[in-house]
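sharing a model that was predicted from the sequence below.
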Amino acid sequence: AAPGSGPRPRLTVIGTGYLGATHAVCMAELGFEVLAVDVDHSKIERLSAGEIPFFEPDLADLLRANLATGRLRFTTSFEEIAEFGDVHFVCVGTPQRPDGYGADLSHLNAAIERLAPLLTRPCLVVGKSTVPAGTAAGIARTLARLAPANAGADADIVSDLAGVQLAWNPEFLREGFAVADTLHPDRLVFGVASPAAEGALRAAFAPVIAQGVPVIVTDYATAELVKTAANSFLATKISFINAMAEVCEAVDADVLTLAEALSHDVRIGGNFLRPGVGFGGGCLPKDIRAFQARADELGVGVALRFLREIDEINNRRRDRVVDLVAAALDGTLARRRLLVLGAAFKPNSDDVRDSPALAVADLLARTGADVTVVDPVATPNARRALPGVTYSETVEDVAADADAVVLLTEWRQFAELDPARLGQLVRRKLIIDARHALDGDRWRQAGWVYLAPGRPTGV
Ligand code: NAD
């Protein structure tokens with residue numbers, strides 16, 4: 001039977017990183033039979049053994065529960081997934097190219113070129129990776145050319161899943177909330193080229209759609225653009241309030257109060273209006289850069305010129321933290337002992353890709369400071385990304401003789417630190433709260449100099 005009708009489609013997931021592993025586990029949790037593949041054999045071994053190769057709350061328990069039911073399995077064989085799947089979700093990475101702003105589509109193209117020749121029966125391939133507008137149309141052509149199931153079928157006019165079809169279904173999950181976001185997304189976007197493809201996707205998401213989640217059905221390019229537009233808007237909101245922080249610093253105004261007052265306006269809203277050390281991670285920075293590169297290629301680069309400014313505001317916040325620390329230490333950072341709180345790009349994640357915290361730690365270390373980075377879960381990844389500094393999982397072990405404490409990731413553990421106790425360990429009671437995560441009054445009352453970017457030094 002076509003995947004859109006009758007029994008539940010059997011699902012596969014290609015690429016088991018943050019997105020793919022979460023998607024595979026959650027689709028099994030929703031009752032589907034799922035087989036997931038990755039080219040990284042060690043990842044597949046760990047997942048098969050019930051171990052998540054990264055940190056994501058709640059995911060490990062769900063992985064083990066669904067492995068136990070037999071609904072969820074992992075493999076390194078593309079032959080096996082091609083044979084198994086009615087709907088194939090492609091979740092491979094699309095990082096920034098090393099030589100420019102554009103997206104590196106080599107993993108995506110490799111996955112499609114490996115899968116397509118093995119697709120001998122009707123099925124739907126669903127791209128979930130974030131890609132430049134126009135990518136899906138090219139992949140549809142590759143599938144039409146390479147998939148044996150398409151032999152003789154007109155790839156553009158398929159009223160049923162007679163051959164292999166493509167859909168684009170961008171993903172909006174947030175690391176740290178990935179399980180809840182996948183089981184209960186705020187919307188589903190289906191970029192499709194036929195009613196049959198839409199039907200197959202609806203079947204694959206039936207338990208989610210049954211919750212009343214809105215489904216937006218559109219063409220490939222619009223679906224691709226929804227994702228990059230959403231990330232550009234979020235980045236813009238963050239850089240907007242950080243630009244206000246720069247202005248606040250010039251007139252000794254308070255950006256936190258400003259943000260709070262703005263947030264009561266329902267047209268503006270308070271989400272993503274938190275000033276701090278800016279955005280990072282494996283998505284926002286590379287996605288806004290790839291979007292600019294693609295707009296340039298399309299001849300509409302001028303429309304997205306503001307994104308360059310958004311990126312620059314974001315990077316200036318990192319320098320600003322370094323300046324604040326230096327100014328508070330009489331202009332000298334060389335040989336100062338600095339305790340950096342946070343390595344992950346945000347709390348509840350071990351992801352250090354383009355992490356503002358690690359970027360600031362790196363800038364501080366380059367001045368000759370003696371930097372120790374504390375993070376409850378991200379130190380293994382951080383050690384690989386920035387080997388030149390010292391790491392610890394807890395603050396107390398490494399706080400002795402610190403000249404300054406710099407909070408860069410707002411882990412709950414850091415917000416709960418006792419300023420009196422920490423004050424007994426450090427050499428100098430100086431804290432720079434770059435994420436506005438602490439109660440400044442409490443730290444000042446415990447005798448600390450408390451500084452936060454965008455806030456008057458006396459607040
Ligand atoms: P990731 O690097 O964690 O995972 C990518 C996985 O793909 C890796 O395990 C890698 O081994 C595997 N892979 C690479 N080439 C392959 C191939 N040819 N065949 C099979 N597997 C292959 O990346 P991620 O964070 O999961 O992101 C994946 C995509 O999802 C990106 O396009 C990203 O922009 C998008 N996305 C990510 C998030 C997020 O929060 N991480 C959210 C929404 C969208």
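Everything's here; your move. Here the structure is a predicted model, which is why all the values come from computation and not from measurement. Numbers count the residues shown, from 1 in each chain.

so R73 belongs to a strand, correct?
Yes: the assignment for R73, made by DSSP: H, G, I helix; E, B strand; the rest coil, places it in a strand.

next, count neighbours for it.
Neighbourhood size, R73 [other Cβ atoms under 10 Å]: 20. Using the backbone N, CA and C atoms, a C-beta is placed for each residue, glycine as well.

and the nearest residue to it once chain neighbours are set aside, which helix or strand is it part of?
Counting by Cβ to Cβ, 6 or more residues apart in numbering, the nearest residue to R73 once its immediate chain neighbours are dropped is L35, at 5.1 Å. Per DSSP states H and E: L35 is located in strand 34-37.

now for that strand, which elements pack on it?
Packing contacts for strand 34-37, counted by 3 or more Cβ pairs under 8 Å, 6 or more residues apart in numbering; DSSP states H and E, involve strand 11-14, helix 18-29, strand 72-75, helix 78-84.

quick one: which of those is nearest the ligand?
If you check each of these against the ligand by Cβ to the nearest ligand atom, helix 18-29 wins as the nearest, at 3.5 Å.

what's the average pLDDT for that closest one?
Model confidence over helix 18-29 averages 98 on the pLDDT scale.

for stretch 214-225, same thing?
Taken as a whole, stretch 214-225 carries a mean pLDDT of 98.

so how far is that stretch off the chain centroid?
The chain centroid and the centroid of stretch 214-225 are separated by 20 Å, computed with Cα atoms, centre = their mean, to the nearest Å.

how about that stretch, does it get close to the ligand?
No: remark: stretch 214-225 sits outside contact range of the ligand, by Cβ under 6 Å from any ligand atom, the gap being at least 11.1 Å.

list the buried residues of that stretch.
By neighbour count with 16 or more other Cβ atoms under 10 Å, stretch 214-225 contains the buried residues 217, 220-221, 223-225.

residue boundaries of the strands in the stretch 351-459 of the chain?
With strands called from DSSP state E, counting those that start in this stretch, the stretch 351-459 of the chain shows them at 370-374, 390-392, 404-407, 430-433, 449-451.

dump these into JSON lines; add distance to T75 as well.
Putting the strands of the stretch 351-459 of the chain into JSON lines (distance: least, Cβ to Cβ, whole Å) gives the following:
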{"stretch": "strand 370-374", "distance to T75": "37"}
{"stretch": "strand 390-392", "distance to T75": "35"}
{"stretch": "strand 404-407", "distance to T75": "43"}
{"stretch": "strand 430-433", "distance to T75": "47"}
{"stretch": "strand 449-451", "distance to T75": "52"}
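
which one of the ones you listed is the most hemmed in?
For these, average neighbour numbers computed from mean count of other Cβ atoms under 10 Å are highest in strand 404-407, which has a mean of 27.

other SSEs contacting it?
Judged by 3+ Cβ pairs under 8 Å, 6+ apart, strand 404-407 is in contact with helix 305-328, strand 337-341, strand 430-433.

give me the domain ranges for the protein.
Following automatic domain parsing, the chain resolves into domains at 11-218, 228-310, 315-451.

turn the ones you listed into JSON lines, columns for distance to T457.
Formatted as JSON lines, the domains of the chain follow (distance: least, Cβ to Cβ, whole Å):
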{"stretch": "domain 11-218", "distance to T457": "32"}
{"stretch": "domain 228-310", "distance to T457": "8"}
{"stretch": "domain 315-451", "distance to T457": "6"}
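
just the helices and strands packed on strand 404-407: most buried one?
With neighbours defined by mean count of other Cβ under 10 Å, none of these is more surrounded on average than strand 337-341, at a mean of 26.

F240 is nearest to which of the helices and strands packed on strand 404-407?
F240 lies closest, by Cβ to Cβ, to one member of those: helix 305-328, at 8.2 Å.

just give me the neighbour total for the residue nearest to S48 when sequence neighbours are not counted.
Leaving out its chain neighbours, the residue that sits closest to S48 by Cβ to Cβ, 6+ apart is F74, at 4.7 Å. The tally of other residues near F74 (other Cβ under 10 Å) stands at 22.

what sits against F74?
Contacts of F74 were listed using Cβ atoms under 8 Å, 6 or more residues apart in numbering, and they are 16, 24, 35-38, 44, 47-48.

ok, back up a step: so after the strand holding L35, what's the next helix or strand?
Scanning forward in sequence from strand 34-37 by DSSP H and E, the next helix or strand is helix 41-48.

what angle sits between the next helix or strand after that following helix and helix 41-48?
Reading on from helix 41-48 to the C-terminus, the next helix or strand found by DSSP H and E is helix 59-69. In terms of direction (axes from the mean of the first three to the mean of the last three Cα atoms, to 10 degrees), helix 59-69 departs from helix 41-48 by 80 degrees.

next, the buried residues of helix 59-69.
Counting neighbours by 16+ other Cβ under 10 Å, one finds that the buried residues in helix 59-69 are 59, 62-63, 66-67.

in TSV, list the residues you listed along with pLDDT.
Compiled in TSV, the buried residues of helix 59-69 are given as follows (pLDDT from 0 to 100):
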residue	pLDDT
L59	98
L62	98
L63	98
N66	98
L67	98
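
ok, the residues you listed vs L304, which is closest?
Minimum distance to L304 across the buried residues of helix 59-69 is 34.2 Å, recorded for L59 (Cβ to Cβ).

where's the closest one relative to G176, distance?
Relative to G176, L59 is positioned 11 Å away (criterion: Cβ to Cβ, to the nearest Å).

hang on, the earlier thing: what's the neighbour count on the residue nearest to R73?
Counted by other Cβ under 10 Å, the residues lying close to L35 total 22.

tell me the pLDDT of it.
Residue-level confidence at L35 comes out at 98, pLDDT.

who in the stretch 1-150 of the chain is up against the ligand?
Proximity of the stretch 1-150 of the chain to the ligand is assessed by Cβ under 6 Å from any ligand atom, with 14-20, 37-40, 43, 91-94, 107, 110-111, 129-130 identified as the residues in range.

which of the residues you listed are buried?
Buried members of these, scored by 16+ other Cβ under 10 Å, are 14-20, 37-39, 43, 91-94, 107, 111, 129-130.

who's the closest residue to L47 other than its chain neighbours bridged to?
If you skip the residues right next to it in sequence, L47 has F74 as its closest partner in space, 4.8 Å away by Cβ to Cβ, 6+ apart. Following DSSP bridges, F74 is listed with bridge partners A36.

and for S392?
As for beta bridges, S392 partners with V374 under DSSP bridges.
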